[in-house]
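J.: sequence below, structure please.
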Amino acid sequence: MRKKIVSPAVILLMLFLNVFSYAQEGKEDKVKKEEKPPIVPNMKVQHMPFKIGQCEICHTEKDGNKYALKQEPPDLCYMCHERKDTKSRVHGPIAAGMCTACHDPHQSNTMRMLKADSVNELCFMCHMDKKQQFTSKPYMHPPVKDQCINCHDPHQEDHRYRLFADRRFDLCVSCHADKKEWVNKVKNKHGAIFIKDRCLNCHDPHASENEKFLRKPTAMDVCLTCHNKELKREEDGTVLMNMKKHLDENPDWHGPIQWGDCAMCHNPHGSDNFRMLKLPFPETFYASFNINRYICFMCHETERFTEPLTKTATNFRNGEVNLHYVHVNNKKGRTCRACHDWHATKDTPHHIRKYMKFGKIKAPLRYIPTKTGGSCAPMCHPRRYYDRENPVINKR
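T.: Okay, here's the model as predicted:
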């Protein structure tokens, strides 16, 4: 048999085809390495195009990669979703077009296809300082504990910090509707609710070391951040004393002051009562006695003021004559604060004042205590004495 002779030209052609085929295979392998293989649906929440198997909604074959994106985010996302960058306050990742910094474009075990197990954990991926603040304090505001987006829009808003309403009051009362109604209707309104940061003057909206999310350890500490100077009430021109100075200069404090609890007597959100008290108290020096019109009886026994004669109800008596009853329990009775300072005093027992205010006059009481009684000489009468053990007959 004759052997077939292959020409050198054919051999060269075959070699060229083999080299070309090898090069093409290498190129295809490189493209395959650049492609992202199909993702298996195995999570709870799936992006709709992914769920229905319509990958081509987002992906297209491009430069040999059949999983190339049709557009880059955020334009790809805005093909279906409304724009999230049209308001004045836009979240940083949104402004940078990084939708996939927070959302998985295919599937997730968390609602909204988040890349974390919860909204808060997602936020804490960037806001690590807030995580430390929230988790290190014993009192966390319930909306914060639930999820940050109860108050903040994660994409955009027109309010500061992308809040759903003005953070100082309007946002708070969107949940605390009772406070909005109260603040609007009460006669004596607390100025702190209407100045500067309003609710946030006193409360931290996220977390606190203190009950009621107060910014200071006690209610009194909070109060004294404003009441450390004289304050003038706009509605009637009344000048409120510098309470911090008063307390510093008068170390014998009323019980609620000792406990740091101004809110035991005063309603910090306003009240229909004199000086925003939680219960009524006469506004004038003289007042017809009514046991239901005195906040003092929330703590103090009523017998001190209702029994004409007593040996036990009070030490302010001349023998058995109850001098509290004499001063208070009549049609033109003197109010408690005619003689007592309900905040603090110095060098006198039972918070007895050095001076009483009668109209525009500052009149001294000139009270002198003794072991079994005492005496006083205010503007309304000459010095009169009392003694629990040996009753005194005072000249009129």
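
J.: domain ranges for the chain?
T.: 43-136, 165-272, 279-387 (automatic domain parsing).

J.: right, so of these, which gets closest to P142?
T.: domain 165-272 (8.9 Å; Cβ to Cβ). Quick note: C-beta positions are derived from backbone N, CA and C, even for glycine.

J.: just how off-centre is the closest one within its chain?
T.: 12 Å (Cα atoms, centre = their mean, to the nearest Å).

J.: now stretch 97-110
T.: 32 Å.

J.: how long is that stretch from one end to the other?
T.: Stretch 97-110 has its terminal residues 21 Å apart, counting by Cα to Cα, to the nearest Å.

J.: buried residues in it?
T.: Judged by neighbour count using 16 or more other Cβ atoms under 10 Å, the buried positions of stretch 97-110 are G97, C99, A101, C102, H103, D104, P105, H106, Q107, S108, T110.

J.: just to revisit the earlier point, would JSON lines of the domains of the chain with mean pLDDT and distance to H155 be doable?
T.: Putting the domains of the chain into JSON lines (pLDDT from 0 to 100; distance: least, Cβ to Cβ, whole Å) gives the following:
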{"stretch": "domain 43-136", "mean pLDDT": "94", "distance to H155": "4"}
{"stretch": "domain 165-272", "mean pLDDT": "95", "distance to H155": "16"}
{"stretch": "domain 279-387", "mean pLDDT": "93", "distance to H155": "48"}
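
J.: any chance of those in JSON lines, with distance to E157 too?
T.: As requested, the domains of the chain are exported to JSON lines (distance: least, Cβ to Cβ, whole Å):
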{"stretch": "domain 43-136", "distance to E157": "5"}
{"stretch": "domain 165-272", "distance to E157": "9"}
{"stretch": "domain 279-387", "distance to E157": "42"}
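
J.: which one of those lies closest to P143?
T.: domain 165-272 (7.0 Å).

J.: so E121 is in which element?
T.: In this assignment (DSSP states H and E), E121 forms part of helix 119-124.

J.: and that helix, what does it pack onto?
T.: helix 128-135 (3 or more Cβ pairs under 8 Å, 6 or more residues apart in numbering; DSSP states H and E).

J.: what does the helix it packs on rub up against?
T.: Helix 128-135 is contacted from outside by C123, F124, M140, V144, K145, H206, A207, using Cβ atoms under 8 Å, 6 or more residues apart in numbering.

J.: now the helix holding E121, how far from the centre of its chain.
T.: Using Cα atoms, centre = their mean, the mean C-alpha position of helix 119-124 is found 21 Å from that of the whole chain.

J.: restricting to C-alpha, output that helix in PDB.
T.: Output in PDB follows, covering the C-alpha atoms of helix 119-124 (Å, rounded to 0.1, in the frame of the first residue of the first chain):
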ATOM      1  CA  VAL A 119     -32.500  46.600  61.200                       C
ATOM      2  CA  ASN A 120     -30.500  47.700  64.300                       C
ATOM      3  CA  GLU A 121     -27.700  45.300  63.600                       C
ATOM      4  CA  LEU A 122     -27.500  46.600  60.100                       C
ATOM      5  CA  CYS A 123     -27.300  50.200  61.300                       C
ATOM      6  CA  PHE A 124     -24.700  49.200  63.900                       C
END
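
J.: next, the buried residues of that helix.
T.: So, applying 16+ other Cβ under 10 Å, buried residues of helix 119-124: V119, N120, L122, C123, F124.

J.: try stretch 122-138
T.: Those would be L122, C123, F124, K130, Q133, F134, for stretch 122-138 by 16+ other Cβ under 10 Å.

J.: return the member of those residues nearest to K360.
T.: Nearest member of these to K360, counting by Cβ to Cβ, is Q133, at 50.0 Å.

J.: any idea how far that closest one is from R215?
T.: Using Cβ to Cβ, to the nearest Å, we find Q133 at a distance of 13 Å from R215.

J.: contacts for stretch 252-262?
T.: Contacts for stretch 252-262 (Cβ under 8 Å, 6+ apart): 217-221, 223, 247, 264-265, 268, 299, 341-346, 348, 351.
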